[in-house]
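**Q** below: sequence and its predicted model.
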Amino acid sequence: RNKSMAAVACSASARGAGSPPAQQTQQCIPPPILETIMHLLDPKSLGACAAVSKQWQASASTCRIWYTLCCHRWRIRTPITRTRVYGAKNWLGVYHRLHKRLRMPRGHYTGNRCRTFASGRFGGIDLWICVAHRPDCGLVRQLGDSHRRSIRFRITVQNITHQMVSLSTSPEDLRLLLIDKDGSAHVPMMGAFERKFRGYQHHEYRKDWESPGLRILPGSTRIEAECPANFEEDLLSPRIVAMNGNKTERAPGEDILLGPLGFAVIEASFDAGTLRFEPEFLEKCSRLQLCVRALGQGKEMASLRGINAERKANAEWERVLAAGNFGNDDEDIWKHYSILPGGCMYLNDLDQLRDKDRQSRGLL
């Protein structure tokens, strides 16, 4: 019943406020029911309904509706009465302000405490790129080749459209490309190393990886292992590590469906050559591209609930390109790092960096 009423409301707003059917629809819907219908709509449909009449504009602009949308999209925990925290008078203004600032949603591996080095919005997809930092800000030595190193990115993808989006990490469907400032391109590492290896103990091993074969050599920080068949693929291949703010353990190659305002975090490693530290690689980066699949315009989201593999293969999916751009100024990258004597580095305090930024803009 609620879906049918929402359809009536949207059709009336599409016909315009001056037509007689639209005027009859406005008069026959009581305000409490109209507000219930507005709660079922997405932001784009709410904007269309607000243009119908003053009554519909008042119903589509209530604080409770936009507070619910803000909580669902950014996972904020601010009480409904504290809109001044975001510098706006109402929650409609808060939504537009956070949307314009390209704010990252709160969750595991995401949120306001993450250092974002690149971001972008394209095709209804928001993208943020962070780094899985090490304490010494150094790059990870590759297994099997101690002279080459790799960097691990955490890429947050959020669907801000009203369509379903399919996100896959399989080598056949993953379209992840990192472009340098000189025009060269990098693809994610897929793990083509030998089964027996020696490596440094800086990787995050899962519990099921610890037995069989992993043992720490006495009196050293190195490990020696004879790995399971898919150990290095699981360690290096891109995989989904968080979904909708919750940490998850998805095997490499699995795909997920993102509903409206849903988001996920992909972890991928890239070859950094002989570079030693994170900022040396980040200052060379220019753009990161990710291709996802969105459901066609004529399909309904409800038809994909509980979808199986056969129905998903027959669905009409369209390729959508999402991209995040790194800053052109190297100072925006190096301000996060400080160099210690002896060639070591550490991360600067994030609160102090933000206070300096506000002070430079005259906000403090």
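**A** All right, it came through fine.

**Q** just the C-alphas of stretch 144-159, formatted as CSV.
**A** C-alpha atoms of stretch 144-159 as CSV (Å, rounded to 0.1, in the frame of the first residue of the first chain):
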residue,chain,number,x,y,z
GLY,A,144,59.6,-13.5,-3.1
ASP,A,145,61.4,-10.2,-4.1
SER,A,146,62.7,-8.1,-1.2
HIS,A,147,63.9,-5.4,-3.6
ARG,A,148,60.4,-4.5,-4.8
ARG,A,149,57.7,-3.1,-2.6
SER,A,150,53.9,-2.6,-2.8
ILE,A,151,51.3,-0.2,-1.4
ARG,A,152,47.9,-1.2,-0.2
PHE,A,153,44.9,1.1,-0.9
ARG,A,154,41.5,1.0,0.7
ILE,A,155,39.0,2.2,-1.9
THR,A,156,35.5,3.2,-0.6
VAL,A,157,32.7,3.1,-3.1
GLN,A,158,29.2,4.4,-2.4
ASN,A,159,26.1,4.2,-4.5
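
**Q** averaged pLDDT, that stretch. What do you get?
**A** If you average the pLDDT over stretch 144-159, you get 88.

**Q** one more: stretch 93-112?
**A** 92.

**Q** and it, what's buried?
**A** V94, Y95, L98, H99, R103, M104, P105, R106, G107, Y109, T110 (16 or more other CB atoms under 10 Å). The C-beta positions use only the backbone N, C-alpha and C, and glycine is treated the same way.

**Q** repeat for stretch 341-358
**A** Residues of stretch 341-358 classed as buried: M345, L347 (neighbour count, 16+ other CB under 10 Å).

**Q** mind checking the SS state of the closest residue in space to W74 that isn't next to it in sequence?
**A** Sequence neighbours aside, P105 is the residue nearest to W74 in space, at 4.8 Å (criterion: CB to CB, 6 or more residues apart in numbering). Three-state assignment for P105 (DSSP: H, G, I helix; E, B strand; the rest coil): coil.

**Q** could you give the average pLDDT over the host helix or strand of Q55?
**A** According to DSSP states H and E, Q55 maps onto helix 54-60. Averaged across helix 54-60, pLDDT comes to 88.

**Q** residues of it that come out buried?
**A** Burial within helix 54-60, assessed by neighbour count using 16+ other CB under 10 Å, is assigned to W56, S59, A60.

**Q** the residue lying closest to the first one once chain neighbours are set aside: neighbour count?
**A** By that I understand W56. Counting by CB to CB, 6+ apart, C49 is the residue found nearest to W56 once chain neighbours are left out, at 5.1 Å. Neighbourhood size, C49 [other CB atoms under 10 Å]: 23.

**Q** and T83, by the same measure?
**A** Neighbour count of T83, defined by other CB under 10 Å: 21.
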